[in-house]
Every structure is written in structure tokens, then in C-alpha cells.
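attaching a predicted model along with its sequence, questions to come.
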Amino acid sequence: DEEKATWIEERKKNKNKYTSIKHGKVPSDPTILLAQYANQSLKVGNYCELHDFTNRGLDDTRVLMSIAEPDALVMLPAVDRIHSWVPAAAVKDPKASPVVKDKNLT
């Protein structure tokens, strides 16, 4: 009885230590986020294009986030565990579209 009282008191003191953990599946779909410039303009309270919130706008943002500057270098591991530096233009997706200006969205 005394051990049980000690255990209950220990549990009350260290609630985080004895919190149950829910075991679930790890999400496999990546989270689609709003473009950084749109997010910042909303935080400031400025006007933001409706295109940024549509499915197509979110897809454009996802594609544009994967586009790197052509001058940048990317480190790629080789089969023999030696890393090599490759220009980002050679690695990026050739189907990726360039940045669309706001005036060209309509």
C-alpha cells in the first residue's frame, strides 16, 4: 500500500515522465506550406494574391521551392562514399517552371 502511494506521488510530481505516448503511423505525405512571401505579407497584414491559396498556387510553390540558383553547388554522395560537388542546375528538375510574376497570374 505504501509502495502504491509512493508511485502515485512520483507520478504526480513527474507528469511528463509518465505520460502515455500514442503510437501511430508516420505521415508519408509531405506538408504543403504557403509561400514564404505570402506568409510574411499575411503576418504584416498586407494584401496577398488569392492564387497563393489555390491548389495550383500551392503546387507552384512546391515546385519553386525545389528550384535552386544556377550558381549554387550541391553535395552528392557517390557509390564509393566520396562526396562530390555538382552544379545545382544539373540536379534540379527540368520540368520545374520559373517564378511567375504576380501581374502574369491572370
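Ah, there it is.

burial count for A35?
For A35, the neighbour count with other Cβ atoms under 10 Å is 20. Placement of C-beta: from N, CA and C, glycine included.

list the contacts for it?
By Cβ atoms under 8 Å, 6 or more residues apart in numbering, the contact set of A35 is 52, 57, 61, 64.

now L76: which helix or strand?
L76 belongs to strand 73-77 when assigned by DSSP states H and E.

can you give me how far that strand is from the chain middle?
Taking Cα atoms, centre = their mean, to the nearest Å, one finds the center of strand 73-77 at 20 Å from the center of the full chain.

tell me which strands and helices that strand is in contact with?
Applying 3 or more Cβ pairs under 8 Å, 6 or more residues apart in numbering; DSSP states H and E, one finds that strand 73-77 contacts strand 83-87, helix 88-91.

mean pLDDT lowest where, among the ones you listed?
Note on these: lowest mean pLDDT is at helix 88-91, with a mean of 68.

just the helices from the protein, written as ranges.
With DSSP state H applied, the chain shows helices at 2-13, 36-44, 55-65, 88-91, listed in chain order.

export those as JSON lines, with columns for distance to R81 and mean neighbour count.
Formatted as JSON lines, those follow (distance: least, Cβ to Cβ, whole Å; neighbours: other Cβ atoms under 10 Å):
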{"stretch": "helix 2-13", "distance to R81": "48", "mean neighbour count": "9"}
{"stretch": "helix 36-44", "distance to R81": "35", "mean neighbour count": "12"}
{"stretch": "helix 55-65", "distance to R81": "29", "mean neighbour count": "14"}
{"stretch": "helix 88-91", "distance to R81": "19", "mean neighbour count": "13"}
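
that concludes my questions; thank you for your assistance.
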